[in-house]
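Q: turn this into a structure:
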Amino acid sequence: MLVKTYGSAVHGIDATTITIETDVTIGLRFFLVGLPDNAVKESQQRIESALRINGFQIPGKKIVINMAPADIRKEGSAYDLPIAMGILAASNQINDAELEHYVMIGELSLDGGLQPAKGILPIAIKAREEGFKGFIVPKENAREAAVVDDLKVYGVENISEVIAFFNGSGTLEETVVNTRDEFFANINHSDFDFSDVKGQENVKRALEIAAAGAHNILLIGPPGAGKTMLAKRIPTVLPPFTLKEALETTKIHSVAGKIDTETSLMTMRPFRSPHHTISDVALVGGGTFPQPGEISLAHNGVLFLDELPEFKRTVLEVMRQPLEDRVISISRARFAVEYPASFMLVASMNPCPCGYYNHPTRPCVCAPGMVQKYLNRISGPLLDRIDIHLEVVPVPFNKLSELRAGEPSEKIRERVMRARNIQAERFRGTEIHANAQMSSRMLRKYCNPDEAGNQLLKNAMERLGLSARAYDRILKVSRTIADLEGSENIQADHLGEAIQYRSLDKENWGT
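A: Now for the predicted structure:
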């Protein structure tokens, strides 16, 4: 007897429905075809034990299982449940009348328990698109899948519950999540706030500008100056997720297996802070079994690289393309996948190997030329993609001992959102949503300083020795400063503030 059940395969951040055709006929042996990997092939032993312990058995006949389409590689152990149900239905041990209406995912333990799987959200979205009535998943994945409307989601703990459900001798409890209510209830929750930061008003101003225009920023300062503390608070002043952004970001984290059992939809922008020993593949994604890298996990959020010069040169260089294209394409001999990677890069570094170059009280003990050599660990093309370079100095005692709280993140976020709304209107009808993404053509259209501004910019370029590549960056940052003030035109004072954020440009730093 031939029976069809349905599972799903995740490719990139999208799912493809897999039809599992099971045929039980006279004969012997067990055949599993359709390009399965070793984890899928090992399902026979898990299924045999799970069925036996729950009072069923694999029939002693010829069993042929085809996983279609056969040209897509099937990976992982999450096909155990649909394969087991197909075997039971094809051998007339359960009723198969409703099987065609459900997608099933789950790895079987030897006692029939279901283990959680990755990529549940994109699978649920695909199941709804293709008109399936319901989605049966391990209980730990139920809330994640229930984000999708118009699809009945059932979380189960053991295969015996699924068998009883299809035989009509038991019921499954539907998991219901009110996506909008839950999303808006948790959208502003954060453990960090800029009110905790003492002093550093100039740095907070620069971070506000960076958030308003989605500009990449590099913080340079001695140990203990507060670079990491400031960076961790940047997500609190970024505009809140839209529901579309939250869904897209949750899909990526779902594929990577980063969604916990209590989370249905991500409500805070991600903040990823990989260690400087990270490999190329871990940063950009890929591998034998393709997974999103840190730059994709930071999609719609912040990627923080602490101690930037300590990262391997090859690791930093692979970021150059996604910083421009906001997507990472991974091509290998056997596969090609594409992951979104629209993130805001925030990096920090010491000014020199000892950490105290330009320190107000402690002397730098580095040998001559070491400061420039240390900065040279970061390539010019990568530095070119960072709009704001800012020196962070230690906070004096009188500021640290103040009891008065600083300006809260909520107030800063309001100004950021007003500036982002101006940019959204400016770039309506394009794929660009922030000033940092403007092309050269857009710069000529939207960033035209007056005569006084042009003269100021010319003088700064000559006197400070700024590179030609700093020109575009200064214009983009000044456009954001103008947006924060609600100014239609770029004024000389906007340019003056933007210029000071390039004072650490490579040509004049450490000389």
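
Q: helix or strand for residue 458, which one?
A: Residue 458 belongs to helix 451-463 when elements are defined using DSSP states H and E.

Q: now that helix: buried residues?
A: By neighbour count on 16 or more other CB atoms under 10 Å, the buried set for helix 451-463 is 453, 456-457, 460-461. In short, each C-beta sits where N, CA and C put it, glycine included.

Q: for that helix, which outside residues touch it?
A: By CB atoms under 8 Å, 6 or more residues apart in numbering, the list of residues contacting helix 451-463 from outside reads 449, 466, 470-471, 474, 490-492, 494-496, 499.

Q: reformat the buried residues of helix 451-463 as a markdown table; add pLDDT and distance to residue 160.
A: Shown next, in a markdown table, are those (pLDDT from 0 to 100; distance: CB to CB, whole Å):
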| residue | pLDDT | distance to residue 160 |
| --- | --- | --- |
| 453 | 87 | 74 |
| 456 | 90 | 76 |
| 457 | 87 | 73 |
| 460 | 84 | 74 |
| 461 | 82 | 74 |
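
Q: of those, closest to residue 14?
A: The closest of the buried residues of helix 451-463 to residue 14 turns out to be residue 457 (CB to CB; 45.5 Å).

Q: separation between the closest one and residue 205?
A: Noted for residue 457: a distance of 20 Å to residue 205, by CB to CB, to the nearest Å.

Q: buried ones among the contacts of helix 451-463?
A: 449, 466, 470, 474, 490-492, 494-495, 499.

Q: run through the stretch 251-400 of the chain and note the low-pLDDT ranges.
A: Along the stretch 251-400 of the chain, segments meeting pLDDT under 70 span 397-398, 400.

Q: ok, the residue nearest to residue 101 when sequence neighbours are not counted - contacts?
A: By the measure of CB to CB, 6 or more residues apart in numbering, the closest residue to residue 101 outside its immediate chain neighbours is residue 133, 4.0 Å from it. Residue 133 is in contact with 101-102, 151-152, counting by CB under 8 Å, 6+ apart.

Q: ok, residue 228 next?
A: The contact partners of residue 228, by CB under 8 Å, 6+ apart, come to 304, 306, 348.

Q: do the same with residue 475
A: Contacts for residue 475 (CB under 8 Å, 6+ apart) come out as 443, 447, 449, 490, 498.

Q: which residues are in contact with residue 308?
A: Shown in contact with residue 308 (CB under 8 Å, 6+ apart): 218, 316, 347-349, 378.

Q: what about 7 Å?
A: By CB atoms under 7 Å, 6 or more residues apart in numbering, the residues touching residue 308 are 347-349, 378.

Q: ok, residue 343 next?
A: Per CB under 7 Å, 6+ apart, neighbours of residue 343: 295, 298-299, 301-303.

Q: not counting sequence-adjacent ones, nearest residue to it?
A: residue 298 (4.0 Å).

Q: okay but the one you found is in contact with residue 272, surely?
A: Yes: counting by CB atoms under 7 Å, residue 272 is a contact partner of residue 298 at 4.2 Å.

Q: now for residue 152, how many residues are close by?
A: Counted with other CB atoms under 10 Å, the neighbours of residue 152 add up to 17.

Q: tell me what it is bridged to.
A: Per DSSP bridges, the residues bridged to residue 152 are residue 134.

Q: can you pull out the strands in the stretch 151-300 of the chain?
A: Assigned by DSSP state E, counting those that start in this stretch, the strands in the stretch 151-300 of the chain fall at 152-156, 217-220, 271-272, 285-286, 291-292.

Q: among those strands, which is nearest residue 33?
A: Across those, closest to residue 33 is strand 291-292 (CB to CB), at 26.0 Å.

Q: mind listing residues that contact the closest one?
A: Residues from elsewhere that reach strand 291-292 (CB under 7 Å, 6+ apart): 252, 255-256, 285, 339.

Q: ok so, going back, in CSV, list the strands of the stretch 151-300 of the chain along with distance to residue 239.
A: Shown next, in CSV, are those (distance: least, CB to CB, whole Å):
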stretch, distance to residue 239
strand 152-156, 30
strand 217-220, 17
strand 271-272, 15
strand 285-286, 26
strand 291-292, 23
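
Q: and those strands: which comes nearest residue 478?
A: Minimum separation from residue 478 across the strands of the stretch 151-300 of the chain (CB to CB) falls at strand 217-220, 15.2 Å.

Q: ok so, going back, work out the gap between the helix holding residue 458 and the centre of the chain.
A: Averaging C-alpha positions (CA atoms, centre = their mean, to the nearest Å) puts helix 451-463 39 Å from its chain's average.

Q: over to stretch 276-286?
A: Distance of stretch 276-286 from the chain centroid (CA atoms, centre = their mean) equals 14 Å.

Q: helix or strand for residue 45, which one?
A: Following DSSP H and E, one finds residue 45 within helix 43-53.

Q: please name the nearest non-neighbouring residue to the residue nearest in space to the middle of the chain.
A: The residue lying closest to the centre of the chain (CA atoms, centre = their mean) is residue 297, at 2.3 Å. If the residues on either side of it in the chain are set aside, residue 297 comes closest to residue 272, at 5.2 Å by CB to CB, 6+ apart.

Q: ok, now which ones touch the one you found?
A: Residue 272 makes contact with 294, 297-298, 303-304, according to CB under 7 Å, 6+ apart.

Q: can you check residue 330 too?
A: Counted by CB under 7 Å, 6+ apart, residue 330 has contacts 285-286, 290, 336-337.

Q: at 6 Å instead, please
A: Taking CB atoms under 6 Å, 6 or more residues apart in numbering, we find residue 330 in contact with 285-286, 337.

Q: also residue 47?
A: So residue 47 contacts residue 84 (CB under 6 Å, 6+ apart).

Q: how is the chain carved up into domains?
A: Domains of the chain are assigned by automatic domain parsing as 2-167, 187-431, 438-511.

Q: got the end-to-end distance for stretch 347-363?
A: Using CA to CA, to the nearest Å, the end-to-end distance of stretch 347-363 comes to 24 Å.

Q: show me where the stretch 351-500 of the chain has its helices.
A: 370-375, 380-384, 397-400, 409-426, 440-446, 451-463, 469-484, 492-500 (DSSP state H, counting those that start in this stretch).

Q: could you identify which of the ones you listed is most buried?
A: Among those, helix 469-484 has the highest mean neighbour count (mean count of other CB atoms under 10 Å), at a mean of 24.
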